[in-house]
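Colleague: Next come a sequence and a model predicted from it.
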Amino acid sequence: MATNSQDLGLRKEAKEVLGLVALAQDKAGKARALIVRRLTDIALLPEGQLTPQERQLVDQMLVQLIAHIEVDLRARLAERLSSRADAPQEVVIALANDVITVAQPLLEKSQALGDSDLVNVISAQGRDHWIATSRRKELSSSVTDALIDTGESDALIEIARNKKAQFSAQGFERIVSLSEQDPALCDLLAAREDITPALAHTMFWWASSGVRLNIVNRFTADRRLLREALNDAIDEGMEAFSGDPDLMRTLSMMAPQRRYGPSLGEELLTAARGSDLRKVVGLMVKNADIRPTTAAHIVMDKGGEALAVAAKAMGMTRREYLQFALLVASHRNNTSHTVTEVNRLTALFDSVATDRADVVLRYWDETVVAAKPARVKAA
């Protein structure tokens, strides 16, 4: 059995060995840090100062060392490299895929990261990396496509807010559809300069009241000037484009305003006084030449803006519209508009020209398929 003095001696020796190991590790850590700093200084030398072979060797050494150095040193290295467009590619990619405290400055501002590098990071990493990438000053359509595919709300808000973010046609359609669940995203998209009228009118059905008014006022046009300029071409050349349905739909926006019979307003009022809103929908389908789904959305829209625009497009008088709006609202869960709401909707009715309202009706008839089905029941 060991004596007390022997125990004390063993403990002392063990303590000394542990101390030596700790000292060696500390020295190794300091040595690695010094080497990395020196290598970083070399890597950041102007392009002509190193041969391609020397630069490649430095990059390889940094890549190999990164996996063995402390997080805080990797973070400092990433911050330093983030402002250099000529930073070593392999090192930047490795750091961009590191923990977010390291990767963030590179993802947000490094010009050394190409679009394919960013897409790969988005694919391989998670939420924090997505948000950091979305904060870049400029974003290509391939990167925004990848971010939109994540469905991450905060990242979508960032790219919608970014005026220099580019979107593919498919990406824009996808982010617009996602905005139905996010009012803040809808507001930002509606304010973008590059959003198309068709996409804006698609969002109309779930946008807030203020955004709806903006969509109606901003994304309509008086067709008279365009119609006069294109009159002969449209009348004589429509058949030539019959094989291109997208172009045909666009050209149809330039068609003359539809004319409705003088009794339509009274017919709609009579139907609205009845017990079944489906009769109102049927009249709108027949007389306005719109799809049943479009008419159903207009009638069942709780905000009331759609009905105001449709009534103006169909040539209803102000008095007819007010009676019509109150009757239709009373059928929806036995509710009616407040005085404030009536004044707001009347102002919208008065502010939209009949020709412009008809353009909106045509847009809705093309885009309402993207919205949720509206169910119209007998009252």
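Modeller: That came in fine, so what should we check first? Keep in mind the model is a prediction, meaning the values are calculated, not measured.

Colleague: CA atoms for contacts and neighbours, from now on please.
Modeller: OK.

Colleague: which regions of the stretch 251-379 of the chain sit below the pLDDT cut-off?
Modeller: In the predicted model, the stretch 251-379 of the chain carries pLDDT under 70 at residues 251-263, 333-337, 369-379.

Colleague: what are the ranges of the helices in it?
Modeller: Taking DSSP state H, counting those that start in this stretch as the test, the helices found in the stretch 251-379 of the chain are 264-273, 277-288, 292-300, 305-313, 318-331, 339-351, 354-367.

Colleague: what's the most buried one of the ones you listed?
Modeller: Stretch with highest mean neighbour count among the helices of the stretch 251-379 of the chain: helix 305-313 (a mean of 25; mean count of other C-alpha atoms under 10 Å).

Colleague: Between helix 292-300 and it, find me the angle.
Modeller: Orientation check (axes from the mean of the first three to the mean of the last three C-alpha atoms, to 10 degrees): helix 305-313 against helix 292-300 gives 110 degrees.

Colleague: Might you quantify the distance of helix 305-313 from its chain's geometric centre?
Modeller: Distance of helix 305-313 from its chain centroid, counting by C-alpha atoms, centre = their mean, to the nearest Å, is 28 Å.

Colleague: swap in stretch 287-297?
Modeller: On C-alpha atoms, centre = their mean, the centre of stretch 287-297 falls 28 Å from that of its chain.

Colleague: which other helices and strands contact the helix or strand where Met203 lies?
Modeller: Assigned by DSSP states H and E, Met203 belongs to helix 197-203. If contacts are counted by 3 or more C-alpha pairs under 8 Å, 6 or more residues apart in numbering; DSSP states H and E, helix 197-203 sits against helix 169-178, helix 183-190, helix 209-218, helix 354-367.

Colleague: Using a markdown table, please lay out these together with distance to Asn120.
Modeller: Below are those laid out as a markdown table (distance: least, C-alpha to C-alpha, whole Å):
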| stretch | distance to Asn120 |
| --- | --- |
| helix 169-178 | 18 |
| helix 183-190 | 25 |
| helix 209-218 | 36 |
| helix 354-367 | 34 |
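
Colleague: circling back to that earlier point, ok, which of the helices of the stretch 251-379 of the chain comes nearest Leu65?
Modeller: helix 354-367 (55.3 Å; C-alpha to C-alpha).

Colleague: now the angle from that closest one to helix 209-218?
Modeller: 110 degrees.

Colleague: circling back: now do the helix holding Met203: everything it contacts.
Modeller: 173, 176-177, 179-180, 186, 190, 215-216, 219-220, 360, 363-364, 366-368, 370-371 (C-alpha atoms under 8 Å, 6 or more residues apart in numbering).

Colleague: Repeat the analysis, applying 10 Å as the threshold.
Modeller: Residues outside helix 197-203 that contact it (C-alpha atoms under 10 Å, 6 or more residues apart in numbering): 172-173, 176-177, 179-180, 186-187, 189-192, 196, 204, 207, 211-212, 214-216, 218-220, 250, 360-361, 363-371.

Colleague: Same question for stretch 145-153.
Modeller: 118-123, 126-128, 130-131, 133-134, 139, 141-144, 155-156, 159, 166-172, 174-175, 178-179, 181-182, 184-185.

Colleague: And those, which of them are buried?
Modeller: Among the contacts of stretch 145-153, those scoring as buried are 118-119, 121-122, 127-128, 130-131, 133-134, 139, 141-144, 155-156, 159, 166-167, 171-172, 175, 178-179, 182, 185 (criterion: 16 or more other C-alpha atoms under 10 Å).

Colleague: Which of those residues fall in strands?
Modeller: Under the assignment DSSP state E, the buried ones among the contacts of stretch 145-153 contribute nothing to strands.

Colleague: residues near Phe204, how many?
Modeller: 26 (other C-alpha atoms under 10 Å).

Colleague: hang on, isn't it packed against Ile215?
Modeller: Yes. Here Phe204 reaches Ile215: they are 7.0 Å apart, a contact under C-alpha atoms under 10 Å.

Colleague: what do those two both touch?
Modeller: Common neighbours of Phe204 and Ile215 (C-alpha under 10 Å, 6+ apart) are Ala190.

Colleague: For Ser141, give its distance to Ala78.
Modeller: Note on Ser141: its distance to Ala78, by C-alpha to C-alpha, to the nearest Å, is 26 Å.

Colleague: Sort out for me which of the buried ones among the contacts of stretch 145-153 are in helices.
Modeller: 118-119, 121-122, 127-128, 130-131, 133-134, 141-144, 155-156, 159, 171-172, 175, 178, 185 (DSSP state H).
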